[in-house]
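**Student:** with the input below, show me the fold.
(2 chains)
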Amino acid sequence: MEKALSFYNSRTEQYTPLNEMTILIDSDPLLFRGSLPKEEYMMFDVEQSHRPETLKEALEILDQREGVFLLAGGTDLLVKMKEERISPKVLMDLRGIKDLRTIHCDREWIEIGSGVTFRQIEDEPLFDGPMKALKMAAAEVGSPQIRNMATLGGNLCNASPAADFIPNLLALDAEICLQSLNGERRMKAEGFLLGKGRVDRRSNEILISIGFPPLKTGRGLGFYKLGCRKALAIAKLVIAVYLETDGKENIKEIRIASGSVGIKTLRESHVEEFFRGKKVSPGLMEDGARVFSEEIQRRLGTRHGGIYKGISVKAVFKRAFEKALESKGEENE
Amino acid sequence: MNNIQIKLNGEWREVEISPGMRLLDLLRDELKLTGTKEGCGEGECGVCSVIMNGHLVNACLVMAFQAEKAEVLTIEGLKQSGEFDPIQQAFIDIGAVQCGFCTPGMIMAGKALLLQNPKPTREEIRRGISGNLCRCTGYEKIVEAIENASKR
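**Tutor:** Numbering: from 1, shown residues only, chains lettered A, B, ... in the order given. Just a heads-up that it's a prediction; the model follows:
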């Protein structure tokens, strides 16, 4: 059977392996998945599923039961289940909770529900102006199918070091909000990420929203992703830059976040330090890119992809920086 | 085992599912709707694409219990009263089918795009099918077929 499926068939072999395989399947119908009893072919060993419609209901389930896995969009969770890296017995789907799927905005604060999909962010007119980096980053996630399911909250809690969207959130110095029956807990998104696949979420908590202030005049956000191809590419390098200048183009504040160059999405404080207080110029950008490159080379060394990333980081950073400058120039509102 | 209500290809049905079942298993193994294929099983190839509540999704990345009260459209639901959907006819007329394995997913991706954007540009079509792999055609004919369908 193995030989038949290897497709090393040729006319000289007279396709006998294929013939043999059909005979084999005929003789033992259990080889054909469709004829197996249900328990045998079932993909996952899940015993219980929940689909709450309110946050309160969800928190109660979480409080009462042990080992509940939260299913936000499922586009990472189901892959992990398939690869048998996790095998949840109890699944709770959060998609039914409408309150988690909205974006609130006023003059001082934008709050995105954790159940908002990347598709929603891509289509959100709020992010048309200076914050279009968010739309661009959302559009880079997976494929149309994935973006229709995958959520911002799921992306954060999955804590992939190569997540496309998270660098923007760190560059915006975003705050996250966790809810449990005992109350709310707020913290910086940066502190929430502990490492690869690890976040500071307690087992009775649900991440409910991510918030940050809207960009005002003189502030900009830029983003660039380097991947192997346009769709479904895991990022080789992602960089987001937040820039704030005074009237004379002196950098008051800069926040740089990178993905795929560490155990988690990181703030590049060393590079930020280099920029602070200096005047924006093409020369400064070049020098900054060099500082960044040295930092990455030091961090990754000759590790797989280290040399490549050490060099390409310059170009990726420059593009993100230029986009931040562009976005800064755009009028808000 | 529990029962869910699902509006499948325009018809409300009650089906029995188990909590470990994916939407894809429900469609193929329980309901015998084998037009939706299983390829990679992890959202890379798009061959299991179906339209759920108006959105294109990978049926291999959705659990069956999540489809409760949802409207699901599969390739079988496109053919209405014996007539092919314009997009299916366009795939035939243009010759966008080679081995055919990716075709159901491609057509669903094209259909989802046209539902939301009836007159897409070629670039938008390419983006629309960017989650679907085809190893035969080189995509040119597929893009052409979707463009053609948008004019019908």
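**Student:** B:E124 against B:N117, yeah?
**Tutor:** Yes - contact criterion C-beta atoms under 8 Å: B:E124 and B:N117 qualify, at 6.3 Å. C-beta coordinates here come from the backbone N, C-alpha and C atoms, glycine included.
**Student:** what residues sit buried inside stretch B:82-94?
**Tutor:** Using 16 or more other C-beta atoms under 10 Å in any protein chain shown as the test for burial, stretch B:82-94 gives B:85-88, B:90-91, B:94.
**Student:** low-confidence ranges in chain A?
**Tutor:** Across chain A, the ranges flagged by pLDDT under 70 are A:1-17, A:28-42, A:331-333.
**Student:** just the buried residues of stretch B:82-94 now: which is nearest A:G74?
**Tutor:** The nearest member of the buried residues of stretch B:82-94 to A:G74, counting by C-beta to C-beta, is B:I87 at 27.3 Å.
**Student:** mind checking the SS state of that closest one?
**Tutor:** Secondary structure, DSSP: H, G, I helix; E, B strand; the rest coil: B:I87 is helix.
**Student:** ok, A:R147 next?
**Tutor:** A:R147 - assigned by three-state DSSP - is helix.
**Student:** tell me how many other residues crowd it.
**Tutor:** 25 (other C-beta atoms under 10 Å in any protein chain shown).
**Student:** one more: A:S143?
**Tutor:** 28.
**Student:** what does A:L91 give?
**Tutor:** A:L91 has 25 nearby residues by other C-beta under 10 Å.
**Student:** equivalent analysis for A:K216, please.
**Tutor:** 12.
**Student:** next, work out how far apart it and A:E108 are.
**Tutor:** Distance of A:K216 to A:E108, computed by C-beta to C-beta, to the nearest Å: 10 Å.
**Student:** now do the SS call for the spatially closest residue to B:E71 that is not a sequence neighbour.
**Tutor:** Leaving aside its sequence neighbours, B:E71 sits nearest to B:K7 (C-beta to C-beta, 6 or more residues apart in numbering or on different chains; 4.3 Å). Put simply, B:K7 is strand when judged by three-state DSSP.
**Student:** quick one: pLDDT of B:K7?
**Tutor:** Per-residue confidence for B:K7 comes out at a pLDDT of 97.
**Student:** pretty sure it contacts B:V72?
**Tutor:** Yes - using C-beta under 8 Å, B:K7 is in contact with B:V72, at 6.9 Å.
**Student:** neighbour count: the two, which is higher?
**Tutor:** Looking at B:K7 and B:V72 with other C-beta under 10 Å, you find the greater number of neighbours at B:V72, namely 24 against 15.
**Student:** could I have the CA atoms of the helix or strand the more buried one falls within written out in CSV?
**Tutor:** B:V72 belongs to strand B:70-73 when assigned by DSSP states H and E. The C-alpha coordinates for strand B:70-73 follow below in CSV (Å, rounded to 0.1, in the frame of the first residue of the first chain):
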residue,chain,number,x,y,z
ALA,B,70,-25.4,28.9,10.9
GLU,B,71,-26.1,29.2,7.2
VAL,B,72,-23.7,27.0,5.4
LEU,B,73,-23.3,26.9,1.6
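**Student:** quick one: what helix or strand has the residue of chain B found nearest chain A in it?
**Tutor:** Relative to chain A, the nearest point of chain B is B:G131 (2.6 Å; C-beta to the nearest C-beta). For B:G131, there is no enclosing helix or strand under DSSP H and E.
**Student:** just give me the neighbour total for it.
**Tutor:** Here the number of neighbours of B:G131 (other C-beta under 10 Å) works out to 25.
**Student:** what sits closest to it if chain neighbours are left out?
**Tutor:** Distance criterion C-beta to C-beta, 6+ apart; nearest residue to B:G131, sequence neighbours excluded, is A:S143 at 2.6 Å.
**Student:** any idea how far the one you found lies from B:I87?
**Tutor:** Counting by C-beta to C-beta, the gap from A:S143 to B:I87 is 19 Å.
**Student:** and B:I125, its phi and psi?
**Tutor:** phi -60, psi -40 (degrees, to the nearest 10).
**Student:** and stretch B:109-129, what's buried?
**Tutor:** Neighbour count says stretch B:109-129 has B:109-114, B:120, B:125-129 buried, by 16+ other C-beta under 10 Å.
**Student:** chain A next: which of the residues you listed are close?
**Tutor:** Filtering the buried residues of stretch B:109-129 for neighbours of chain A using C-beta under 8 Å from any C-beta of the partner chain leaves B:109, B:112, B:127-128.
**Student:** thanks again, I'm all set now.
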